[in-house]
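**Q** got a sequence here, can you model it:
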Amino acid sequence: MKGFNTKIISYVAMVGLLSILLTACGSNNTANQQATDTPATTSEASATEEPAVKETEVAAREAFVVTDQVGNTVNIPGTVQKVYAPGLEDYLVTLGVTPVAQWSTGERPQQYLQDTLSGVKEISFANGIPSPESVVDLEPELIIFPTAFYAQNGVYENYSQIAPTYVFKNALGNVVEATETIAKLLGLEDKATEAIAAYNTKLEETKAQLASVSAGKKAIYINANARKIFLVGNFHYGGYVLSELGFAQSTLVEGEMSADISLEMLSDLDADYIFINDNDGLGDAFLADIKASPLWKALPAVQAGKVFEVDGDHWRSSGLIAYQKTMDDIVKFLKP
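**A** Prediction:
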């Protein structure tokens, strides 16, 4: 811990010196706004037009100040090259950014991103949020956390000593707006515009493909892991995609992020289509009990053969890449 503290002190001193130099040179003028799903900026000097971003290269710009979504004032460096954003790797890859480290279950990182992130250091979240020591030697220039959970129990205070730290209330709730926010933090707005346009085009095409099977129908996504089986609502993950494609959701999870499922609840599972994602086989025992139940076998979706076993951790991830992969799976199962 002594080495960690020494590095923190050195880093803070360096950031302080950099802030003085940047202030002397002036700062960009951006409107101060209440943080919702885009960062609120604090006006400091007259605005200058930012150069266009070429491909994934970050445009040169001055440092600026934002208020994150939980109320922290964050000093964003002029040019950010090294980012740590656990759980938001999809968003970074979408923008052409490779993080200094990636989230891991303790056994594996997000598999659907490994064509891009193979070889990137993995940091395990198996036992909760790891200590700052796991990150400090990577010397990130910006840390981004996906939910307000990271603003609790001293997590923000510890990590913000390493680098400027931005916290979302819930970046997983609206992936388009979260992508735009991260792009603004990194100076990659053009890249975000391009990626979001491609996503929206695919979404509309997929909705058109499935129009005849989605109209007036309910679909539910069930995620199974070693701890429980739960229904996923339409706020994130595969449940969000099903909702975006025009499917209504089960009343069991309406208005909820998720809902635990038990044998007694099965008769109330009102869905025309059921998608089940067994989390790397960890939900085998629970799923066996569910499927053996007479209540399960009596469900209209089960009797109609409309239960689909889906593979891949993109179903339980958020981001434009994950959601487009999930769309492809749904089309594969349901396209007329």
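**Q** in this structure residue 101 contacts residue 137, no?
**A** No. The pair residue 101 and residue 137 does not pass the contact test of CB atoms under 8 Å, sitting 10.1 Å apart. Using the backbone N, CA and C atoms, a C-beta is placed for each residue, glycine as well.
**Q** more neighbours: the two, which one.
**A** residue 101 (22 against 12; other CB atoms under 10 Å).
**Q** name all residues that make contact with that one.
**A** Applying CB atoms under 8 Å, 6 or more residues apart in numbering to residue 101 gives the contacts 84, 86, 120-123, 134-135, 138.
**Q** is it true that residue 83 touches residue 93?
**A** No. Residue 83 lies out of contact with residue 93 (CB under 8 Å); the separation is 11.3 Å.
**Q** so where do the helices sit in this protein?
**A** Counting by DSSP state H, the chain has helices at residues 2-25, 89-94, 114-117, 133-136, 155-159, 175-186, 189-214, 237-244, 284-292, 294-297, 300-303, 320-334.
**Q** how far off centre is the fourth one?
**A** Between the centre of helix 133-136 and the centre of its chain there are 21 Å (CA atoms, centre = their mean, to the nearest Å).
**Q** for it, which positions count as buried?
**A** For helix 133-136, a neighbour-count test (16 or more other CB atoms under 10 Å) marks 135-136 as buried.
**Q** what packs against it?
**A** helix 2-25 (3 or more CB pairs under 8 Å, 6 or more residues apart in numbering; DSSP states H and E).
**Q** can you check which residues contact both of residue 101 and residue 137?
**A** With CB under 8 Å, 6+ apart, residue 101 and residue 137 have no common neighbours.
**Q** burial measure for residue 165, as a count.
**A** Neighbours of residue 165 using other CB under 10 Å come to 23.
**Q** coming back round to it: from the contacts of residue 101, pick the one nearest residue 206.
**A** Distance to residue 206 across these (CB to CB) is lowest for residue 86, with 29.0 Å.
**Q** next one, pLDDT for the closest one please.
**A** At residue 86, the model reports a pLDDT of 97.
**Q** looks like it contacts residue 103 (just checking).
**A** Yes. Counting by CB under 8 Å, residue 86 touches residue 103, with 4.1 Å between them.
**Q** overlap in contacts, the two.
**A** In contact with both residue 86 and residue 103: 123, 125, using CB under 8 Å, 6+ apart.
**Q** coming back round to it: among the contacts of residue 101, which ones are buried?
**A** 84, 86, 120-123, 135.
**Q** reformat those residues as a markdown table; add distance to residue 108.
**A** As requested, the buried ones among the contacts of residue 101 are exported to a markdown table (distance: CB to CB, whole Å):
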| residue | distance to residue 108 |
| --- | --- |
| 84 | 19 |
| 86 | 14 |
| 120 | 13 |
| 121 | 14 |
| 122 | 8 |
| 123 | 12 |
| 135 | 19 |
